[in-house]
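Novice: with the sequence up front, the predicted model follows.
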Amino acid sequence: MTEDFFAVATRQRACRSYAPDPIPVDDVSRILEVATHAPSAHNSQPWVFVVVMDATVRQQVSESARSCWEAARTKAQESIDASMFEDVDTFIGSRDFGGAPVLVVLGVDLTLVSEAMVGCSIFPAAQNLMLAASALGYGSTFTNFTVRDSQPLADAAGLPAHIAPCGIISIGLPAKPLGPPRREPVSAKAHLDRYGQAWP
């Protein structure tokens, strides 16, 4: 492990507003290669990445996400911070993933892994993908409320029935510099041996 890894990992945060600059295919390939080095259940490597760059397909993916957001919007407004709600509402509702030039639709091949193992296989790959994007200077955001009604997303990305859609990661150059992520200290979240026993 190097300090460079810790610098990348501790600065990575959600980006919801992107510059329109395209991402070179070589950079996308490097990001995906890191994603495929994530752990997965039984080393099944069931992930599928549909990299959406075409403007028409990006719009279709955005529309599928927008319909899911609209269905969840009222409940979200009641349960999350007002500034966060506004940020997400703009990101999805009116800006098509913040104008990201690349959307990666995440899928899992259910012929390779059981549904019970989907999360522990795709989420590490998603995190690797976002860390790799950050290391190359790109912003990213993971969105998975589309699984509430996943068929429109599956249709937009052309996923066959055995590939379960698990979310979308937007990638692009941040439209403005991203500040440091806001995080509670480890001592507020970690326990030693048993819950409630303070971490030293």
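Specialist: Cool, got the structure. Numbers count the residues shown, from 1 in each chain.
Novice: so which residue is dead centre in the chain?
Specialist: Ranked by distance to the mean C-alpha position of the chain (CA atoms, centre = their mean), the top residue is residue 142 at 1.8 Å.
Novice: wasn't that residue part of a strand?
Specialist: Yes - counting by DSSP: H, G, I helix; E, B strand; the rest coil, one finds residue 142 located in a strand.
Novice: which strands and helices sit next to the helix or strand that contains residue 33?
Specialist: According to DSSP states H and E, residue 33 maps onto helix 25-35. Other elements packing on helix 25-35 under the criterion 3 or more CB pairs under 8 Å, 6 or more residues apart in numbering; DSSP states H and E are strand 47-52, helix 118-135. All C-beta spots, glycine's among them, are computed from the backbone N, C-alpha and C.
Novice: pLDDT at the residue nearest to the centre of the chain, what is it?
Specialist: Predicted confidence (pLDDT) for residue 142: 96.
Novice: partner residues bridging it?
Specialist: Beta-bridge pairing of residue 142, defined through DSSP bridges, involves residue 169.
Novice: mind listing what it touches?
Specialist: Residue 142 makes contact with 14, 126, 130, 167-169 under the criterion CB atoms under 8 Å, 6 or more residues apart in numbering.
Novice: go again with 7 Å.
Specialist: Taking CB atoms under 7 Å, 6 or more residues apart in numbering, we find residue 142 in contact with 126, 130, 167, 169.
Novice: count of residues packed around the nearest residue to residue 80 once chain neighbours are set aside?
Specialist: Nearest-residue entry for residue 80: residue 88, 7.7 Å, with adjacent residues in sequence omitted and distances by CB to CB, 6 or more residues apart in numbering. Other residues near residue 88 come to 20 when the count uses other CB atoms under 10 Å.
Novice: and for residue 178?
Specialist: Using other CB under 10 Å, residue 178 is surrounded by 16 other residues.
Novice: isn't it right up against residue 14?
Specialist: No - between residue 178 and residue 14 no contact is recorded; they are 8.6 Å apart, counting by CB atoms under 7 Å.
Novice: and stretch 76-90, what's buried?
Specialist: Taking 16 or more other CB atoms under 10 Å as the neighbour-count basis, stretch 76-90 is seen to contain the buried residues 87-88.
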